[in-house]
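Give me a 3D structure for the following:
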Amino acid sequence: VVQDTMLNGYDICHGGLLFMLADTAFALACNSDGESAVAATASIDFLAPAAKGDRLRATARRRAGRGGTGIYDVTISRDDDVIAEFRGRSRRLPRAPAGNE
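Purely as a prediction, here's the structure:
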């Protein structure tokens, strides 16, 4: 839920906080299979503002993967209204050599 402390000078939710919400969903999705992955790139398109009191939901989906790279889309919505679309590319971390864990 968007709080007072999340608003920018225009009294709408700060874009950085929307990015952080999407990035967190992305991180959970690309690490959900037990392998470690980090973001290689990410971008977001803001489609509509979020206001104080709005309940936001971020939904992440893996779109493609090959080798150690994955592409994920995250949709931020308020009820049935899409307010932002995020795309992230993940990269798997190499496994630590035995004995160095």
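
Please give the element, helix or strand, for Leu21.
Remark: Leu21 resides in helix 15-30, with elements defined by DSSP states H and E.

now that helix: mean pLDDT?
Across helix 15-30, the average pLDDT comes to 97.

From the contact counts, what lies against that helix?
If you count contacts as 3 or more CB pairs under 8 Å, 6 or more residues apart in numbering; DSSP states H and E, helix 15-30 packs onto strand 37-46, strand 56-66, strand 69-78, strand 81-92. For every residue, glycine as well, the C-beta is placed using N, CA and C.

quick one: buried residues of that helix?
Judged by neighbour count using 16 or more other CB atoms under 10 Å, the buried positions of helix 15-30 are 17-19, 21-23, 25-27, 29-30.

do stretch 77-86 as well
Within stretch 77-86, the residues that count as buried by 16+ other CB under 10 Å are 77-78, 83-86.

That one: end-to-end distance?
Distance between the two ends of stretch 77-86: 11 Å, counting by CA to CA, to the nearest Å.

what does it rub up against?
Stretch 77-86 is contacted from outside by 18-19, 22-23, 26, 42-50, 54-57, 59, 73-76, using CB atoms under 8 Å, 6 or more residues apart in numbering.

List buried residues within the residues you listed.
Of these, these count as buried by 16+ other CB under 10 Å: 18-19, 22-23, 26, 42, 44, 46, 49-50, 54, 56, 73-76.

what's the farthest-apart pair in these?
Ala42 and Asp54 (22.3 Å; CB to CB).

List the contacts of the helix holding Leu21.
By CB under 8 Å, 6+ apart, the list of residues contacting helix 15-30 reads 6, 8, 37, 39, 42, 44, 46, 50, 56, 58-62, 70, 72, 74, 76, 83-84, 86, 88, 90.
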